[in-house]
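Novice: Provided below are the primary sequence and the corresponding predicted coordinates.
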Amino acid sequence: MKLQKTLPLLSLGFAPVAAHADFIDGSHAGLTLRNFYYNHDLRDTKAPAQSKIEEWAQGFIFKAQSGYTDTPIGVGVDVYAGMGLKLDSSPSRSGSELLPGFTHRLGSGRDSDPRSADQWSEGTAALKFKYSKTELKAGGLFPKNPLVYAGDSRLLPQTFEGMMLDSQEIEHFTFSLGQMRQTSYRAASHSGDMQVGNYLKVDSDRFNYLGGTWAPVPSFSLGLWGGTLEGVYTQKLLTTTKWIDLAGWRFSGTLNYTDSGQQGAAMAGKLDSRLASTLASATYGMQKFTLGYQYNAGTSAQPYLQETDLPAVGNAIQVLHFDRAQERSWQARYDLDFAGVGVPGLTAFARYVQGGNFQYAGQDGKEWERNIDVSYVIQSGPLRGASVRWRNVELQGNATGRRDENRLIVAYTLALK
């Protein structure tokens, strides 16, 4: 387990500083219990044997963050440990990526055993240093920036190993740089090289990024980012957001442009992705209306770090990303907060994206995806903060066939400090 590798790091981090009040008083920890049911109907796809994927699992996610020592350069430590338990599965229904097994990566090859593991665990830790408004972390990380945004769409979260520095020394400006060396995928109990989304046979052990965001006022931000996955691709991103309030409405807009090309040894071949996306929304009371448009003007699909979320790709939704070469796609979304009708904690949205103008098997291709998402968070009592979420998706396309999927997630976080 990765946790065994981190024990010396933990002892190194805690021993010299345990006596410092700021290190202890500024700490907090929590244990999240996540129960996850996944059902995916395969009857209309091109799968050779399985008619469905259906698994149920229980996850335990422990996270602890210390404060900083009262020294010129503050020192602290963050700790993560996760465990997953299989509640229901069979070789004929595996493959949800809730648990290791099936076709998860194993070293340089793949494990074709259709059985899912009965249980698995993982753990990691990071040392952190702080001076003024600048923080450096090294070790096990959960990066959250537009080019590398750790995913959390299954039982346990995706983690990375590397280093990242974030600074807010200049007013209205944030600056970030980092290097990721390995990642632990959602259905693996070990770390490995980073795979490339849309080019899954390619991986690398070094992703460097640099970026910053300027936000002179709360209603406006402008970001510029650059990243390189060694030997595979280089990427530049421009992102901007703006909102205004008018007559009880809030109007907001986001514009992203990502330019990607091959780098170094070009292990994924020649890459040319120029992806532009925009989202415009209007919020009034309990309702929010969103429209989006996205176009990849390049001759290849956009590369990205596999299993990461893509906040700078407007039509990257639950399953599809609509980022194929030359693909154009439209999005319509409606959000509803039921607090406006006396049910606080209940929220829902419906979303539909349709894409086309791409080639598949020498023919004009089309695809669409529809999402329905309903969440409820208990507002009071002993289970305050517990949540129930139902995620439903239906999609169809030339490249994907038809897909019907349901996810039911029950979660509760116990505050330990």
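Specialist: Arrived safely, thanks for sending. Predicted, not measured: the structure shown is a model, and the values here were computed from it.
Novice: Need the three-state assignment for residue 22.
Specialist: What DSSP: H, G, I helix; E, B strand; the rest coil gives for residue 22 is helix.
Novice: I'd assumed residue 66 was in contact with it.
Specialist: No. Taking contacts as Cβ atoms under 8 Å, residue 22 lies outside contact range of residue 66: 9.3 Å. All C-beta spots, glycine's among them, are computed from the backbone N, C-alpha and C.
Novice: Between the two, which has more neighbouring residues?
Specialist: Taking neighbours as other Cβ atoms under 10 Å, residue 22 and residue 66 compare with residue 66 leading, 25 against 16.
Novice: so where do the strands sit in the stretch 51-200 of the chain?
Specialist: 52-65, 74-88, 105-106, 109-110, 119-131, 134-141, 144-145, 148-149, 159-167, 173-184, 194-197, 199-204 (DSSP state E, counting those that start in this stretch).
Novice: how about TSV for those strands, with mean neighbour count added?
Specialist: Shown next, in TSV, are those (neighbours: other Cβ atoms under 10 Å):
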stretch	mean neighbour count
strand 52-65	19
strand 74-88	21
strand 105-106	16
strand 109-110	9
strand 119-131	19
strand 134-141	20
strand 144-145	18
strand 148-149	22
strand 159-167	20
strand 173-184	20
strand 194-197	22
strand 199-204	18
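Novice: Redo those strands as JSON lines? Include mean pLDDT.
Specialist: Formatted as JSON lines, those follow (pLDDT from 0 to 100):
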{"stretch": "strand 52-65", "mean pLDDT": "96"}
{"stretch": "strand 74-88", "mean pLDDT": "96"}
{"stretch": "strand 105-106", "mean pLDDT": "39"}
{"stretch": "strand 109-110", "mean pLDDT": "44"}
{"stretch": "strand 119-131", "mean pLDDT": "95"}
{"stretch": "strand 134-141", "mean pLDDT": "98"}
{"stretch": "strand 144-145", "mean pLDDT": "96"}
{"stretch": "strand 148-149", "mean pLDDT": "97"}
{"stretch": "strand 159-167", "mean pLDDT": "98"}
{"stretch": "strand 173-184", "mean pLDDT": "97"}
{"stretch": "strand 194-197", "mean pLDDT": "96"}
{"stretch": "strand 199-204", "mean pLDDT": "94"}
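Novice: Relative to residue 277, which of those is closest?
Specialist: strand 148-149 (15.2 Å; Cβ to Cβ).
Novice: ok, residues contacting the closest one?
Specialist: Strand 148-149 is contacted from outside by 143, 160, 178, 180, 207, 209, 227, 305, 308, 309, 310, 311, using Cβ atoms under 8 Å, 6 or more residues apart in numbering.
Novice: Let me see the contact set for the second one.
Specialist: Remark: with contacts taken as Cβ under 8 Å, 6+ apart, residue 160 is in contact with 140, 141, 142, 143, 148, 150, 180, 181, 182, 183, 184.
Novice: I'd like the residues you listed laid out as TSV, including distance to residue 277.
Specialist: Shown next, in TSV, are the contacts of residue 160 (distance: Cβ to Cβ, whole Å):
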residue	distance to residue 277
140	31
141	26
142	24
143	21
148	18
150	21
180	24
181	29
182	29
183	25
184	29
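Novice: measure residue 60 to residue 35 for me?
Specialist: From residue 60 over to residue 35 the distance is 10 Å, taken as Cβ to Cβ, to the nearest Å.
Novice: Sorry, slip of the keys, the one I care about is residue 200.
Specialist: According to Cβ to Cβ, residue 200 stands 29 Å off from residue 35.
Novice: does residue 327 really touch residue 356, like I thought?
Specialist: Yes. Residue 327 is within contact range of residue 356, at 7.1 Å (criterion: Cβ under 8 Å).
Novice: who has more neighbours, the two?
Specialist: The neighbour comparison of residue 327 against residue 356 (other Cβ under 10 Å) goes to residue 327, with 25 against 18.
Novice: Might you report the residue contacts of the closest residue in space to that one that isn't next to it in sequence?
Specialist: In space, and not counting its chain neighbours, residue 327 is closest to residue 358: 4.2 Å by Cβ to Cβ, 6 or more residues apart in numbering. Going by Cβ under 8 Å, 6+ apart, residue 358 touches 324, 325, 326, 327, 364, 365.
Novice: The second one: what secondary structure?
Specialist: Secondary structure for residue 325, judged by three-state DSSP, is coil.
Novice: burial measure for it, as a count.
Specialist: Neighbours of residue 325 under the rule other Cβ under 10 Å: 17.
Novice: Look up how far residue 255 lies from it.
Specialist: Using Cβ to Cβ, residue 325 is found at 21 Å from residue 255.
Novice: in the sheet, who's paired with residue 101?
Specialist: residue 116 (DSSP bridges).
Novice: center of the protein, which residue is that?
Specialist: residue 151 (2.4 Å; Cα atoms, centre = their mean).
Novice: Got the confidence number for that residue?
Specialist: On pLDDT, residue 151 comes in at 95.
Novice: Check residue 316 too.
Specialist: pLDDT, read off for residue 316, is 96.
Novice: mind checking the SS state of the residue nearest to residue 327?
Specialist: In three-state terms, and counting by three-state DSSP, residue 358 is strand.
Novice: What's opposite it in the beta bridge?
Specialist: Residues in beta-bridge contact with residue 358 (DSSP bridges): residue 365.
Novice: Same question for residue 179.
Specialist: When assigned by DSSP bridges, residue 179 has beta-bridge partners residue 163, residue 208.
Novice: Quick check: the gap between it and residue 126.
Specialist: Per Cβ to Cβ, residue 179 is found 14 Å from residue 126.
Novice: Could I get the contacting residues of residue 162?
Specialist: Contacts of residue 162 by Cβ under 8 Å, 6+ apart are 138, 141, 178, 179, 180, 181, 182, 207.
Novice: ok, now residue 194?
Specialist: Applying Cβ under 8 Å, 6+ apart, the residues near residue 194 are 180, 182, 183, 203, 204, 205, 207, 229, 305, 306.
Novice: Let's see that with 7 Å instead.
Specialist: Residues in contact with residue 194 (Cβ atoms under 7 Å, 6 or more residues apart in numbering) are 180, 183, 203, 204, 207, 229, 305.
Novice: measure the fourth one to residue 303 for me?
Specialist: Right, the one you point to is residue 204. Using Cβ to Cβ, residue 204 is found at 11 Å from residue 303.
Novice: same check, this time on the first one
Specialist: Residue 180 sits 15 Å away from residue 303 when distances are taken as Cβ to Cβ.
Novice: how about the helices in the protein?
Specialist: 2-14, 21-25 (DSSP state H).
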